[in-house]
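Novice: Please find the sequence and the predicted model below.
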Amino acid sequence: MARRVLLVEDEPSIVEAVSFILTRAGWTVHAHADGATALDRARAGAPELVVLDAMLPGRSGFDVLRDLRADPVTAAIPVLMLTARGQERDRDLALRLGATGFMTKPFANAELVAEVRRLAGG
Amino acid sequence: MTLGFETLVAASLAYVALLFAVAFLAERRQREGRGAWLRSPWVYTLSLSIYCTAWTFYGAVGYAARSGLEFLTIYLGPSLVMVGWWWTLRKLVRIGRTQRVTSIADLISSRFGKSAPLGALVTAIAVAGITPYIALQLQSISLSFAAIADRGENGLVAGDLRLVAFWTAVGLAAFTVLFGTRNLDPSERHHGIVIAIAVEAVVKLVALLAVGAFVVWGLAGGVAETLARIENAPVPMWTGERGRWAGLIFLSAAAFLTLPRMFQVMVVENDDERHLAVAGWAFPLYVFLMSLFVVPIAVVGLERLPAGSNPDLFVLTLPLAEGQEGLSLLSFLGGLSSATSMVIVATIALATMISNHIVAPLWLRARPAEQTAGELRRVVLIARRLSVAGVLALGYLYFRLTGAGTALSAIGLIAFAGVAQILPAMVGGVIWRGATARGAAAGLAAGATLWAWTLFLPSFGVLPASVMAEGAFGLSWLRPRALFGIEGLDPLLHSVMWSLLVNAGLFVLVSLVTFPTPLERLQGESFVNVFDRGPAPRALGRAAAEPEALLVFASRLLGRDAALDLFREEAERQGKSGHLPDTTPVFLARLERELAGSVGAAAAHAMVGGLAKGSEVSVDDLMAVAGEAQQIIEYSARLEQKSAEAERTARALREANAKLTRLAAQKDAFLSRISHELRTPMTAIRSFSAILREEDLRPDERRRFAGIVEAEAQRLTRLLDDLLDLSVLKEGRLSLDRREGYLSDVIDRALAAAGVLPGSGLRVIRDPSSEIVPVVTDLDRLAQVFINIVSNARKYCDAPSPELRIAVRRRAGEVIVDFVDNGRGIPAEERELVFESFTRLGGSWREGPDGAGLGLAICREVMARLGGSIAYLPGQGGAAFRVVLPAGLARAAE
Amino acid sequence: MARQPRPPFLDRRRYRIERIRDAARLLPALGLALLLVPLAWGAPGEPGAPGNAAALLYLFGLWAVLIALAALLSRLLRSGADGDEP
């Protein structure tokens, strides 16, 4: 069975790009545009990795990250933060809140695949 | 029919019952909203007639019998004041209305920085001066009873007279408490009482005219015959008392302005400034008619009545002696009217002053304001009722102590001289911004002391003969009738001259050398320049006074409904819904004025200030901050203006600062957002470009991904276009392409371009006929503005069934286009920011897929270039924008 | 802050209203001056003392004229003026 990635991202074109890349690399991608449904999904399905955009409608990616870490069911899931703001502050905040990895948009496709593999443990 | 004691009592009771009924009906009509006629200028004029008391009704004839035409001075002074209403009264009435002044003490206190001690001082002077005057009315009623009933078989004894005076006082107290102290806010006016007084005014005028007509045509034998009798009368009409003639005209004019009861009907009960225009000639006409037959009655009375008859009662005794019982009764009722109406209004005015300026401040000082607001309403009402009873009791006491015998006019003139002490502070305060509270206090205190020493105390006979003859402490220059050794003057003139001279002199001198507090200067400014502007806000800041707390507090004082109305109205004015407006300085000042109506200016100021204490930025604080730099210009000629300007600048600075802080906080957010805005499309482009390079894609995938790359590239271009557009606009390098077109076409285009078509979700409500407005402007740019607004509505309107109403109006040549949706609108704190570049809002106003927060900023620049404006309209229920096109452009096409 | 300067030229109607206001301001001064005329009269017994009827008629006549003028001016003021000039 393919390994599962939960993608939390609200930009349709980026969802499409990431899904395409990771699917080709052998993952099953579930994409959600908002944090609340993504959280439910993570609790129910225990994905191997969460790819989380920092700027989401409603609750931000950082809020979602905090909730993921606060819930024992999801606390151990590795999280890769994506941000388009590219500020040092964002990286610090993400790592402090317990993100496992951090990437700045735009990224090279190969980098993304490599980072996902590294975080998900092979 | 023979007039007896019982008949008189019955007639009096019937008459008083009639007054109760009239007052009651008037109040009911007023409550039912059918009282428009109650507020006519004629009722206002008639209510002013309380100037004519029993002193006029009975006393004028006595005065004429003793001193000829001198009695006229008492009516000529006020006539001059009324004829000159455009100069004097208009300003007083305007000040009274804008500052919600409740009494003459409140006027003085409010003008001089809401000074509580000044209010108390004026109240004390008024009570001292007016109590004997009330006693005089009680005396005249009992005398008139005696004059009629004495002829009867069972003569009256002194005890009966006291009983008459006593029950009169009790009845008047009941009437006044019932109709005068029902509502706490006296600026809501006492319609019942005013109508009752107007009726009494008619009764006394008719009575005096009837007696006069009877005397001239019934007894003297016509006008010519009467004139001949006057010519040959033993009393010279012109007595040659030149000083008294001029002095009394001045004194009566001054008293007309300063008598508490006159201030009550003239300013406090005034419904409409324009009533003055009628009263300006109708009141002089009223007193003219009241005076017309005074001399004939006096002359004929002297001829026909036995020597030694009291001329103060000729109006009553002359018809009696001629056997005219009906006319006598009418005359009696006229006298009763004169006395009762004066007592009622004077009592209300004094009670208001006592409760607001003596009881309330003392009570407030004793306890902290927050806990006592509820009780204060009760305390003030009780204090007012007790004051009514107290004032009448004092009057009765004075009557008992001095008894009958003093000539009526003497007491009246003593009262006039007493209240005239208020004149310098009042006139000075209204025309001179340099007048200070200390000046006013010094003048008032000195004037009142001199008046008491030279006129008031001697009239009681309480000063020992030695003091009268040799002065106090053996100092001869302190003789009450010859201050500083100036002898031979008429005692009244002597007192008026010295007291007013010292009063006005000290007032000016102390004002010149003292420095007013900031509050005094603000109040002075708004009093003196009342015609230049509306009421100015009087204190700053105090944002910490929670609106809920204020509402609770205000409802205890004003009553729940009135307070809720006030708060809702203010919230609406601020563009908010609900009942909780922001506690802006403007609102606090207004609240203070409303409360001033209940408890007086000083107390209201103390309470609102006390409530907000801690975080209050008072004018005083600001002034202290302005400190040194301010002092350099303090003494310059435009001192008052500067301080008001500094206050406004400070306010503007605080507002600008708040805006800057918000903008700075948004600047970081903007940098992130613009980064996000640029990087998001680039992420998709980079990913898909890499994917497209690979060989193993299906053709449909390849097409699809190429499409995404193109769309994202376009999005980037649009963003860059917007940025460029804005910078071009900001630098003013935009060239306009003005053409003529119809507004309706521009709106059509905008709706189509924004993707708002029938069935597209957003329902657009338009009025096509109003949109056929020709405009000459850059049509594309205008369309761009409309597109932006419509797109925003489409994106952000969060109503279940979104609607956008477009309304076009022409006003004074301007064309106004309003766009109002039914969503939740923009929160107040963000309204200022929506037109700033790169601002995007939280909540439902988060950015859509194709905006970088530049749209409205561009709109603002475009409209500025087109010579118009765009603004957010608060209070429309949803997000609402108003676009205004300038007149010239629109008109050029017509 | 400074008061708006008034324009030097007003239209005819406005000009007329201004002059009516002037008249309204002057009327009490005129009244006062005429009311002080008795100060020039002689005291009883002195030369120049007025007759009783003459004194009476002068004062009441003056008073009536003042009332009539005030009524006329207030009519004119009300029909023309809503302005706020002090």
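Specialist: Done, it's in.

Novice: For B:V808, pull up the helix or strand it's in.
Specialist: Using DSSP states H and E, B:V808 maps to strand B:803-811.

Novice: Give the other helices and strands that that strand contacts.
Specialist: Under the contact criterion of 3 or more Cβ pairs under 8 Å, 6 or more residues apart in numbering or on different chains; DSSP states H and E, strand B:803-811 touches strand B:763-766, helix B:768-771, helix B:779-796, strand B:814-821. For every residue, glycine as well, the C-beta is placed using N, CA and C.

Novice: Now render those as TSV, adding distance to B:A120, mean neighbour count and mean pLDDT.
Specialist: Output for the helices and strands packed on strand B:803-811, formatted as TSV (distance: least, Cβ to Cβ, whole Å; neighbours: other Cβ atoms under 10 Å in any protein chain shown; pLDDT from 0 to 100):
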stretch	distance to B:A120	mean neighbour count	mean pLDDT
strand B:763-766	61	16	87
helix B:768-771	61	13	84
helix B:779-796	59	22	86
strand B:814-821	54	21	89
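
Novice: Okay, now the unreliable bits of the chain?
Specialist: Assuming you mean chain A. A:1-2, A:86-87, A:122 (pLDDT under 70).

Novice: not what I meant, chain C
Specialist: Looking at chain C by pLDDT under 70, you get C:1-11, C:79-86.

Novice: And the nearest residue to A:V64 once chain neighbours are set aside, how far from chain B?
Specialist: Sequence neighbours aside, A:G35 is the residue nearest to A:V64 in space, at 3.8 Å (criterion: Cβ to Cβ, 6 or more residues apart in numbering or on different chains). Distance of A:G35 to chain B, computed by Cβ to the nearest Cβ, to the nearest Å: 14 Å.

Novice: burial count for A:G35?
Specialist: With neighbours defined by other Cβ atoms under 10 Å in any protein chain shown, the count for A:G35 comes to 24.

Novice: who's in contact with it?
Specialist: By Cβ atoms under 8 Å, 6 or more residues apart in numbering or on different chains, A:G35 lies in contact with A:V8, A:L56, A:G58, A:R59, A:S60, A:G61, A:D63, A:V64, A:D67.

Novice: For the second one, give me phi and psi.
Specialist: In this case it means A:L56. With angles defined as degrees, to the nearest 10, A:L56 sits at phi -120, psi 160.

Novice: Now do the SS call for B:P758.
Specialist: coil (DSSP: H, G, I helix; E, B strand; the rest coil).

Novice: coming back round to it: from the contacts of A:G35, which land in strands?
Specialist: Using DSSP state E, the subset of the contacts of A:G35 located in strands is A:V8.

Novice: Pull out the buried members of the contacts of A:G35.
Specialist: A:V8, A:L56, A:G61, A:V64, A:D67 (16 or more other Cβ atoms under 10 Å in any protein chain shown).

Novice: Report the contact partners of the residue in chain B that chain C sits nearest to.
Specialist: Nearest residue of chain B to chain C: B:G240, at 2.4 Å (Cβ to the nearest Cβ). B:G240 sits next to C:W41, C:G42, C:A43, C:P44, C:E46, C:A49 when contact means Cβ under 8 Å, 6+ apart.

Novice: Make a markdown table from those and add neighbour count, distance to chain B and secondary structure to it.
Specialist: Putting these into a markdown table (neighbours: other Cβ atoms under 10 Å in any protein chain shown; distance: Cβ to the nearest Cβ, whole Å; DSSP: H, G, I helix; E, B strand; the rest coil) gives the following:
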| residue | neighbour count | distance to chain B | secondary structure |
| --- | --- | --- | --- |
| C:W41 | 18 | 6 | coil |
| C:G42 | 12 | 7 | coil |
| C:A43 | 13 | 2 | coil |
| C:P44 | 15 | 4 | coil |
| C:E46 | 9 | 7 | coil |
| C:A49 | 18 | 7 | coil |
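
Novice: So which of the residues you listed is the closest to chain A?
Specialist: C:W41 (95.4 Å).

Novice: ok, that closest one - contacts?
Specialist: C:W41 makes contact with B:W238, B:G240, C:G48, C:A49, C:P50, C:A55, according to Cβ under 8 Å, 6+ apart.

Novice: cool, B:M682 as well?
Specialist: A:K105, A:P106, B:E712, B:L716.

Novice: ok so, going back, determine how far the strand holding B:V808 lies from the middle of the whole chain.
Specialist: Its chain's average C-alpha position is 37 Å from that of strand B:803-811, according to Cα atoms, centre = their mean, to the nearest Å.

Novice: Ok, stretch B:435-449 next?
Specialist: When C-alpha coordinates are averaged (Cα atoms, centre = their mean), stretch B:435-449 and its chain have centres 25 Å apart.

Novice: can you map out the strands along chain A?
Specialist: Ranges of strands in chain A, per DSSP E, are A:3-8, A:27-32, A:49-53, A:79-83, A:101-104.

Novice: is it true that B:S12 touches B:A339?
Specialist: No - using Cβ atoms under 8 Å, B:S12 is not in contact with B:A339; the gap is 10.9 Å.
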